[in-house]
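Student: I need the structure of the sequence given here:
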Amino acid sequence: MEFNDVVFVYQMKDTKEKKWHGRFHHHESDEYEIHYFIQGSGKFLNNKNIYIITPGSFFITSPECNHSIITTNDNYKPLSYYAVLIKLSSEDGEIGRLITQEMLIKQNYDIGTSYRFFFEELKEKGLSHNSNLQKSASHQLISFLYTLVEKRNFHFNESSSVHIEKSLKIMQNNISKDLTLEDITSKLNLTDSYFIRLFKRKMKITPMKYFTKLKIEAATYMLTDTGLPVHSIAEKLNFYSEFHFSRVFKQYTGFAPTVYRKNYVNNKTENIKLVI
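Tutor: Residues are numbered from 1 along each chain as shown. Sure thing, here's the model as predicted:
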């Protein structure tokens with residue numbers, strides 16, 4: 001199993017962005033896509049089936065299956081979700097049979113909204129250049145899918161993971177705000193020093209660096225999926241100024257925002273199979 005991509009899509013509001021995600025498209029013959037929605041409502045069109053999206057909805061799309069995401073007009077709680085694109089090889093026969101014969105029979109699952117930490121781990125490990133971490137992500141996903149097939153509810157029982165889960169929810173729900181460390185720790189009822197150690201041990205990054213990274217990830221989608229000018233994106237994500245946003249963006253991505261938009265928006269279009 002290979003992780004081709006793992007992304008967090010933050011609050012689909014812009015008309016162009018909704019149109020992009022609402023297009024019918026499909027992936028390669030050996031690629032499966034997972035969608036996990038944590039906020040908002042809408043409809044998920046998976047081949048000829050139409051499902052209602054609610055927070056906690058989980059879908060698996062089979063290869064070459066046309067699908068799209070249709071949002072509601074609720075800008076107060078727009079859609080936010082994780083998307084995982086995996087590629088299976090001939091050596092993944094067992095997991096392939098699990099998905100095709102068991103899971104795709106019922107393509108709509110409600111797993112609740114307590115799996116942010118799980119999907120963040122998939123993103124960090126699955127897209128890592130370290131082969132051991134990639135294998136770890138594969139085993140985690142396989143274990144998750146087997147448990148899902150058995151229709152057994154399981155959650156993070158370890159108190160430290162619960163704190164991380166709650167902190168991720170706080171950060172993701174406040175990307176557009178000037179959130180401070182004290183804002184987070186006060187909601188968790190933890191000391192700053194303990195939370196920093198806990199978060200770094202679990203996420204391999206400090207809380208506020210992760211929060212900035214989350215803002216930059218949101219910015220990349222605004223740059224490629226919307227027509228918003230750079231200064232508007234900086235303002236929406238609550239950076240001090242356009243200059244400050246551009247400096248931080250380049251620090252995390254290696255590109256200035258305008259260069260990123262120019263280089264990647266066309267590539268993104270070319271890499272998707274559109275169904276006319």
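
Student: which parts of the protein are helices?
Tutor: 15-22, 93-97, 116-126, 131-149, 159-172, 181-188, 192-203, 207-225, 230-236, 242-253, 257-270 (DSSP state H).

Student: now the third one against helix 159-172, angle please.
Tutor: Spelled out, it's helix 116-126. 90 degrees (axes from the mean of the first three to the mean of the last three C-alpha atoms, to 10 degrees).

Student: what's the closest non-adjacent residue to the residue nearest to the spatial centre of the chain?
Tutor: For the chain, the residue nearest the mean C-alpha position is F8 (2.1 Å; C-alpha atoms, centre = their mean). Nearest non-adjacent residue to F8, counting by C-beta to C-beta, 6 or more residues apart in numbering: Y82, 5.5 Å away. For every residue, glycine as well, the C-beta is placed using N, CA and C.

Student: OK, contacts around the one you found?
Tutor: 6-9, 34-36, 38, 119, 123 (C-beta atoms under 8 Å, 6 or more residues apart in numbering).

Student: sort out for me which of those residues are in strands.
Tutor: 6-9, 34-36, 38 (DSSP state E).

Student: confidence-wise, which of the residues you listed comes last?
Tutor: By pLDDT, V9 ranks lowest within the ones in strands among the contacts of Y82, coming in at 83.

Student: return the residues in contact with that residue.
Tutor: Here V9 is in contact with 21, 79-83, 221 (C-beta under 8 Å, 6+ apart).

Student: low-confidence ranges in this protein?
Tutor: Applying pLDDT under 70 to the chain flags residues 12-18, 20-22, 73-76, 101-107, 151-160, 265-276.

Student: my read is that H163 contacts I196, right?
Tutor: No - taking C-beta atoms under 8 Å as the definition, H163 is not a contact partner of I196, at 11.7 Å.

Student: more neighbours: those two, which one.
Tutor: Comparing H163 with I196 by neighbour count (other C-beta atoms under 10 Å), the higher total belongs to H163, at 22 against 16.

Student: list the residues that contact that one.
Tutor: Counting by C-beta under 8 Å, 6+ apart, the residues that H163 touches are 188, 190, 195, 198.

Student: ok, those vs Y240, which is closest?
Tutor: Distance to Y240 across these (C-beta to C-beta) is lowest for F195, with 24.7 Å.

Student: mind listing what the closest one touches?
Tutor: Contacts of F195 by C-beta under 8 Å, 6+ apart are 163, 167, 181, 184-185, 188, 207.

Student: for the contacts of Y82, which ChimeraX command selects only the ones that are buried?
Tutor: Isolation of the buried members of the contacts of Y82 (16 or more other C-beta atoms under 10 Å) is achieved in ChimeraX through the command below:
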select :6,7,8,9,34,35,36,38,119,123
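
Student: let me know the closest of the contacts of Y82 to T253.
Tutor: Among those, and counting by C-beta to C-beta, the member closest to T253 is V7, at 14.1 Å.

Student: so the closest one bridges to which residues?
Tutor: A83 (DSSP bridges).

Student: pretty sure it contacts S80?
Tutor: No - judged on C-beta under 8 Å, V7 makes no contact with S80 at a distance of 11.3 Å.

Student: burial count for R116?
Tutor: Neighbour tally, R116, other C-beta under 10 Å: 20.
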